[in-house]
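> Generate coordinates for the sequence data below:
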Amino acid sequence: MAENDRDAKGEPRPVEVLAEQVVTCPPVFGMKPEAGRWTFIILGLVMNICLGTVYSWSVFTKDLQVFLAEGGWPITSTEANMPFLVFLAFFAALMPVAGRFFNRYNPKIILLLGSILVGLGWLVAGYAISNVVALGRNSFYLLVAAYGVVAGGGVGIVYGGPIACSTKWCPDRKGFAVGSTVLGFGVSAAITAPLATYLIKAYSVPSTFYILGGSFLVILVLISLIMRFPPAGWKPAGCTLPAASAARNNRTTREMLGTTSFYALWFCFWVGSLAGLMAIGISKPMGMGYIGLNTNDATLVIIAFAIPNGLGRPLFGWLTDRLTPRYAAILSFVLILVGSVGMLPAGNTGLGMTVRLICFIFSFCCLWMCLGGWLAIAPTSTTTFFGPKNQPNNYGIMFSAYGIGAIAGNLLSGYVKDNFVDQMANGKLVKSNVHPEAYMYIFYVTLVLALVGMLVAYFAMKPPKDPVQKPPVAK
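Below is the predicted model of the structure:
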């Protein structure tokens, strides 16, 4: 013991224990913050239901193709998925941009901006479709710009806000809180797919965009005015998270990019996103063209798929808290593996319609659940590995895996459909669904990626090591 650590009598000096500063929080919606904080989780869930309507895109594709063809401008299956693809790309691209501002400014301002863009994008997309005769080919380009760039960018701006709220209000149960918040994004298709189908039949494709866009604008703006973060440093009563280790774990984006953990998590997130978003993009056309479902039954199946997609979020959020991110990721890849292998019997016409339908529903439920799971695993793991302080910006960078997975998944499914499933000539559709068995090529790819993902998760997806502290230089 050093000389300065003893008093005049040679006895050890008492060690001063610095009490952790307690940050108080005012009542939330008239309740104690420990109870009222869950209201923000519910509000975030509602916001995500609006934002997650993109998962219902396959409900629009066939009617959109028919509507544009009647207006004199037919489009291919790949082109019909282009608004969806661009939406997801700008969704992912705007996430890190918006993440930079959530900690600097009032989150209401950021949420309001994104909410207005979401509603405006849907409304202008409706205008583009309804004026196909007057605008010609420009109608399709305006649709891609309005829905993909404007609405997709708006979703990218808004999406990180409810997640950041969840992690800041619930540091003690961040996995479950984040999973419950993004549950809305997953179950959105269960609500919006039948709603969109009804509106398309009752009115028209452009009217459906007008109605949904106006509704989203009102709902998202109202909720944005309510959302807020807790006071900096606040923790709920009974929360035992060690402040010292939490502070040490807070890494900047630059520091995060210098770790192996980031690239392992990014790759695993990319695999989960590719498999899930590919499944979402081909759910309805494969159900109708390969399994033989009619339009109404295919819509009902999409609703069924949305349920595991939604439930996968709180489930895998909870598993990430309980089992660590590594083993939650491995379980998600087991789902992809099972889903990919499960599609093999679906191609055997000798098994009968019932068996093939069961294989199709079971396999796609696994793939949809995997995507839902990764939208809880990824933000929770980002906070666990790199700390809560810079979570909005760090997860924004991590979310690029989702955007690139969306592009790869949709290009893969669109390429297979246009070049193997459908008969094309000079870039134009001659006959659809000529070789539906070609869809199976997609699942061989996802099967291999699932095996690679398991290995990466097991060996590399773990918390980064604390930076080595250099010893002080002796004078």
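> average model confidence for stretch 271-284?
Regarding stretch 271-284, the rounded mean pLDDT is 82.
> go on, stretch 219-232?
92.
> Then stretch 103-123?
Averaged over stretch 103-123, pLDDT sits at 91.
> distance between it and the chain's centre?
A distance of 18 Å separates the centroid of the chain from that of stretch 103-123, by CA atoms, centre = their mean, to the nearest Å.
> Buried residues of that stretch, list them for me.
103, 107, 110-123 (16 or more other CB atoms under 10 Å). C-beta coordinates here come from the backbone N, C-alpha and C atoms, glycine included.
> same thing with stretch 34-50?
Quick answer for stretch 34-50 (16+ other CB under 10 Å): 34, 36-38, 40-41, 43-50.
> so which one among those has the lowest pLDDT?
Glu34 (86).
> Quick check: phi and psi at the closest residue to that residue other than its chain neighbours.
Sequence neighbours aside, Pro236 is the residue nearest to Glu34 in space, at 4.7 Å (criterion: CB to CB, 6 or more residues apart in numbering). The phi and psi torsions at Pro236 (degrees, to the nearest 10) take the values phi -70, psi 150.
> Could you report the neighbour count for Pro236?
When counting by other CB atoms under 10 Å, one arrives at 18 neighbours for Pro236.
> which residues touch it?
33-34, 37, 170-172 (CB atoms under 8 Å, 6 or more residues apart in numbering).
> just to revisit the earlier point, out of the buried residues of stretch 34-50, list just those in helices.
Among those, the ones falling in helices (DSSP state H) are 34, 36-38, 40-41, 43-50.
> Make CSV out of the contacts of Pro236 and add distance to Thr320.
As requested, these are arranged in CSV below (distance: CB to CB, whole Å):
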residue, distance to Thr320
Pro33, 24
Glu34, 22
Arg37, 20
Cys170, 14
Pro171, 14
Asp172, 14
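> ok, of these, which one's closest to Pro325?
Of all these, Pro171 has the smallest distance to Pro325: 16.3 Å, by CB to CB.
> Look up how far Phe267 lies from the closest one.
27 Å (CB to CB, to the nearest Å).
> Secondary structure element for Phe269, which one?
Secondary structure assignment for Phe269, by DSSP states H and E: helix 260-286.
> what comes up buried for the helix or strand that comes right after that helix?
Later in the chain than helix 260-286, the nearest helix or strand by DSSP H and E is helix 295-323. For helix 295-323, the neighbour count (16+ other CB under 10 Å) marks 298-321 as buried.
> Could you look up the next helix or strand downstream of helix 295-323?
Using DSSP H and E, the first helix or strand after helix 295-323 is helix 325-342.
> Check what pLDDT the residue sitting nearest the centre point of the chain gets.
Taking CA atoms, centre = their mean, the centroid of the chain lies closest to Leu375, which sits 4.7 Å from it. For Leu375, the pLDDT comes out at 88.
> next one: Ile361
90.
> Return the residues in contact with Leu265.
Contacts of Leu265 (CB under 8 Å, 6+ apart): 325, 378, 381-382, 385, 398, 461.
> swap in Met256?
262, 385-386, 390, 394, 397.
> for this structure, which spans come out with low pLDDT?
Scanning the chain for pLDDT under 70 picks out 1-21, 240-248, 347-349, 417-418, 420-437, 467-475.
> separation between Phe445 and Ile280?
Phe isn't right for residue 445; it's Val. For Val445, the distance to Ile280 - CB to CB - is 16 Å.
> Give me the distance between Thr197 and Ile219.
20 Å.
> In terms of neighbours, single out the busier of those two.
Thr197 (22 against 17).
> Name the nearest residue to the more buried one, sequence neighbours excluded.
Excluding the flanking residues, the one nearest Thr197 by CB to CB, 6+ apart is Thr299, at 5.0 Å.
> just Thr181 next, same as before
Gly44 (4.0 Å).
> May I see the buried residues of stretch 34-50 arranged in TSV, with distance to Ile157 as well?
Converted to TSV, the buried residues of stretch 34-50 look like this (distance: CB to CB, whole Å):
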residue	distance to Ile157
Glu34	30
Gly36	26
Arg37	23
Trp38	24
Phe40	18
Ile41	20
Leu43	17
Gly44	14
Leu45	18
Val46	17
Met47	12
Asn48	14
Ile49	17
Cys50	13
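> Can you report how many residues neighbour Gly213?
23.
> Which secondary structure state does it sit in?
Three-state assignment for Gly213 (DSSP: H, G, I helix; E, B strand; the rest coil): helix.
> could you say which helix or strand contains the closest residue to it other than its chain neighbours?
Leaving out its chain neighbours, the residue that sits closest to Gly213 by CB to CB, 6+ apart is Trp122, at 2.7 Å. Per DSSP H and E, Trp122 falls inside helix 107-130.
> Next secondary structure element downstream of that helix?
helix 132-135.
> What are the contacting residues of the helix or strand immediately after that following helix in the chain?
Per DSSP H and E, the first helix or strand lying C-terminal to helix 132-135 is helix 138-143. With CB under 8 Å, 6+ apart as the test, helix 138-143 has contacts from 68, 71, 73, 75, 79, 83, 124-125, 127-129, 131-132, 135.
> want to throw those into a markdown table with distance to Ile407 and neighbour count?
Shown next, in a markdown table, are these (distance: CB to CB, whole Å; neighbours: other CB atoms under 10 Å):
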| residue | distance to Ile407 | neighbour count |
| --- | --- | --- |
| Leu68 | 23 | 21 |
| Gly71 | 28 | 18 |
| Trp73 | 24 | 17 |
| Ile75 | 19 | 19 |
| Glu79 | 15 | 19 |
| Pro83 | 13 | 27 |
| Val124 | 23 | 19 |
| Ala125 | 20 | 28 |
| Tyr127 | 26 | 17 |
| Ala128 | 22 | 23 |
| Ile129 | 23 | 27 |
| Asn131 | 28 | 15 |
| Val132 | 26 | 23 |
| Leu135 | 26 | 18 |
